[in-house]
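**Student:** Quick check, what structure comes out for this input:
(one chain, ligands or ions: 1)
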Amino acid sequence: MLMRGFQKTFSIVFGGTLLLSTFSGDACSIVGYVGGKYCKEFVLKGLSRLEYRGYDSAGFACLTQQNHDLLCIRAEGKLDQLKKKVLNEAVDGFVGIGHTRWATHGAATEANAHPHVDCHNTLAIVHNGIIENFFSLKEQLVAQGHQFVSQTDTEVLAHVLEVELQKQLTLDAAIVDMVSKLKGAYAFIALMRDKPDTLIAVRKSSPLCIGLGNHENFVASDFLAFAGKTNKILFMPDESFAVVTKQAIALYDFKGNLLAQEIKTIDVSPATYEKFEHEHYMLKEIYEQPKVIKKMVDYYVNNEQEVWKNLGISPDQIAQLQSVHLFGCGTSWHAARIGQFFFEILCGLPTSTSLASEFRYMPFFPKKNGLYVAISQSGETADTLEAIRLIKAHELPVMTLTNVVSSTMVRETDGHLLLKAGPEIAVASTKAFTTQIASLYWLAHRIALAKGLITPERMAQAEQELKQAADVLEEAIERYKVDMVKTYAKKYSQAKRFMYLGRHVGYPFAMEGALKLKEISYIFAQGYPAGELKHGSIALVDLETPVVLFSHLDPVIYQKLVANAQEVKARKGHLIVFAFEGQDELIKLADQSFIIGRVAPLLEPLAMAGLMQFFAYSIAKELGCDIDKPRNLAKAVTVE
Ligand code: F6R
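**Tutor:** Modelled structure (predicted):
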């Protein structure tokens, strides 16, 4: 049986400072303030901290100090646009809400930006998630004479609340009735002219938490928004709502029953979220990798009992284990594909990998003695959460491999293994990817040890291999970083498209390489199995399509890769290789080679990851792209 590990506080010691290991969030971000201070400053600062979660428009609303008029300001584009508008306004109040948006319903225009208001400008709402039945609700409201000015589902919430407040005698009764009408996953915060000292916070499936201050309270989709203001946090339970004033919080379930409040103490050093001397968070996070990988390994080694307990896997379960099932999205799925080799080769367990976004639409064959592992940096990705829920509906235990201890996935699954990578702010995942690989490598060895397949000495050696690969990752960046920026980035930023090739663990790694390049530089890239080149894609090989080939240390696979390199050269393709020291045959074939120190063969992707990410980063920088916040993207996609 899997056991669910219960943790009351999430503080850990990291780099000598007490801070939070990870954090949670949403595609869009919402914040709210009620207290004795002007809210503008907190709301804008909170939004700045969360902006990387969604950044195509933003908005702010407050009740003015005089008359409690509702002031609502919205702006298209990044948060700076909103800041300019809000800071020009002389008016401020003690109750306010804010939002940064990643559009799902309606284009990223000012009209669609949150907050949304009701017909008479008496209330304003900011919202994350999707109201699935918004269309039918809107039809009913329009029929009743309500007027809409946006294409969003959120505006419907404002009008439903308007109706309920008129109908019901109490605020809590209005919310109970309101949520009974809503379908979907959502978190929203509302303020109302009639209740000028109150915020309403409502949560279903989408994260929302309340920070308890001194005569002030904060609401946010991620507690990072109020880090440094308070360390007392109430993570709202799923399907709950709160009536929040500066003095008190009343928490209810969706039936209107009062709930007990579990307040956690989380110390977050706001410095964790600084870029310091780095131009971009992505660069900072690329450089952090050796340190966080080693710290993660040390954490696993030094806290063996706690880590094992949190995994929730009993010795019986290990003995009976017959298969492993890894699933996730995007970069996390690539890590899963690499991890598949670890469990098959090291534990002899058949291992499947699934894209969580496809999982629910495929036939599901429950495996009683299977280990189901959800992989997710944020622990909030909607597709992955839904896959977890489907597996759990079959009464199968699920474990989460995540960077975020306070995430919904940790709460909803039976065990977890933490990546300990520290907050990953850049939208493009870097250190989460390498810690995912490292942690899967560690887990596969740990399961092999528990099954008696390897000795404790071999386990210790594997831990050393991880640290050595982390060193190699660092050396590789150091070796090339100057030339990469000065020469290669200039040259390769001119390319129209790229092809990334690999075999074995190098194939999912090639997919990750291609994803990294396209998401931040907007240059098209395709990750492809090198052996498949001759089955079709070779038609694309020309001078304008550089081919990036990731080498392998296994002699047989290496020779096949050399053959693939020759195929590219024979078609006059431009060949870039990431090769290991001593692989001269391949290096000589290349137009450009990046040579990397040797590591344990299964850790090749880990060793090459830093330089591969730096390659994409340098090209995107050369092109002047907004690297930390690439267009159309958001960190943690909490909508399906
Ligand atoms: C790419 C990237 C995404 C995420 C994906 C899953 O750089 O970050 O592909 O990996 O959206 O997110 P998580 O891991 O938070 O579930």
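
**Student:** residues in contact with the closest residue in space to G330 that isn't next to it in sequence?
**Tutor:** Excluding its sequence neighbours, the residue lying closest to G330 (CB to CB, 6 or more residues apart in numbering) is L515, at 6.8 Å. Glycine gets a C-beta too; all of them are placed from N, C-alpha and C. For L515, the contact set (CB atoms under 8 Å, 6 or more residues apart in numbering) comprises G330, T331, H334, A525, G527.

**Student:** next one: G32
**Tutor:** 43, 96-98, 126, 189, 191, 199, 201, 218-220, 244.

**Student:** which one of those residues is nearest A460?
**Tutor:** A220 (42.4 Å; CB to CB).

**Student:** tell me the phi and psi of the closest one?
**Tutor:** According to degrees, to the nearest 10, the main-chain angles of A220 amount to phi -160, psi 160.

**Student:** Quick check: the gap between it and the ligand.
**Tutor:** Per CB to the nearest ligand atom, to the nearest Å, A220 is found 18 Å from the ligand.

**Student:** how would you label the nearest residue to that residue once chain neighbours are set aside: helix, strand or coil?
**Tutor:** The shortest distance from A220 to any non-neighbouring residue, by CB to CB, 6+ apart, is to V31 (4.5 Å). Reduced to three states with DSSP: H, G, I helix; E, B strand; the rest coil, the structure at V31 is strand.

**Student:** For V31, list each beta-bridge partner.
**Tutor:** Note on V31: beta-bridge partners by DSSP bridges are G98, A220.

**Student:** Numbering from 384 from now on, please.
**Tutor:** Sure, I'll start numbering at 384, so the last one becomes V414.

**Student:** Just give me the neighbour total for it.
**Tutor:** Using other CB atoms under 10 Å, V414 is surrounded by 29 other residues.

**Student:** and the gap between it and D1009?
**Tutor:** From V414 over to D1009 the distance is 22 Å, taken as CB to CB, to the nearest Å.

**Student:** repeat for S920
**Tutor:** 30 Å.

**Student:** Repeat that for K428.
**Tutor:** Distance from K428 to D1009, by CB to CB: 21 Å.

**Student:** Setting the sequence-adjacent residues aside, check what's closest to the closest residue to the ligand within the stretch 484-633 of the chain.
**Tutor:** Taking CB to the nearest ligand atom, the ligand has its nearest neighbour within the stretch 484-633 of the chain at W485, 11.9 Å off. Leaving aside its chain neighbours, W485 sits nearest to G437 (3.1 Å; criterion: CB to CB, 6+ apart).

**Student:** just Q630 next, same as before
**Tutor:** H598 (6.9 Å).

**Student:** Same list (the contacts of G415) but as JSON lines, adding neighbour count and pLDDT.
**Tutor:** Output for the contacts of G415, formatted as JSON lines (neighbours: other CB atoms under 10 Å; pLDDT from 0 to 100):
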{"residue": "V426", "neighbour count": "28", "pLDDT": "94"}
{"residue": "G479", "neighbour count": "30", "pLDDT": "96"}
{"residue": "I480", "neighbour count": "30", "pLDDT": "97"}
{"residue": "G481", "neighbour count": "34", "pLDDT": "96"}
{"residue": "V509", "neighbour count": "32", "pLDDT": "96"}
{"residue": "I572", "neighbour count": "33", "pLDDT": "98"}
{"residue": "L574", "neighbour count": "29", "pLDDT": "97"}
{"residue": "L582", "neighbour count": "25", "pLDDT": "97"}
{"residue": "A584", "neighbour count": "27", "pLDDT": "98"}
{"residue": "F601", "neighbour count": "26", "pLDDT": "98"}
{"residue": "V602", "neighbour count": "30", "pLDDT": "98"}
{"residue": "A603", "neighbour count": "32", "pLDDT": "96"}
{"residue": "V627", "neighbour count": "26", "pLDDT": "98"}
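
**Student:** Low-confidence regions, the stretch 584-733 of the chain specifically.
**Tutor:** 653-654 (pLDDT under 70).

**Student:** go again using 90 as the cut-off
**Tutor:** 588-590, 605-607, 610-611, 621, 648-660, 698 (pLDDT under 90).

**Student:** all strands in it, in order from the N-terminus.
**Tutor:** 592-595, 599-603, 615-618, 623-627, 632-636, 646-648, 706-711 (DSSP state E, counting those that start in this stretch).

**Student:** and the protein, which residues reach the ligand?
**Tutor:** 711-715, 759-761, 764, 767, 811-812, 898, 902, 1019-1020 (CB under 6 Å from any ligand atom).

**Student:** between the strands of the stretch 584-733 of the chain, which gets nearest to H451?
**Tutor:** strand 623-627 (16.7 Å).

**Student:** Tell me which residues are up against the closest one.
**Tutor:** 415, 417, 554-555, 558, 562, 581-586, 593, 600, 602, 617, 619, 632-637, 642.

**Student:** what do you get if the cut-off is 6 Å, keeping everything else the same?
**Tutor:** 417, 554, 558, 582, 584-586, 600, 632-636 (CB atoms under 6 Å, 6 or more residues apart in numbering).

**Student:** Now do the buried residues in stretch 802-820.
**Tutor:** Across stretch 802-820, burial judged by 16 or more other CB atoms under 10 Å covers 802-820.

**Student:** Cool, thanks, signing off.
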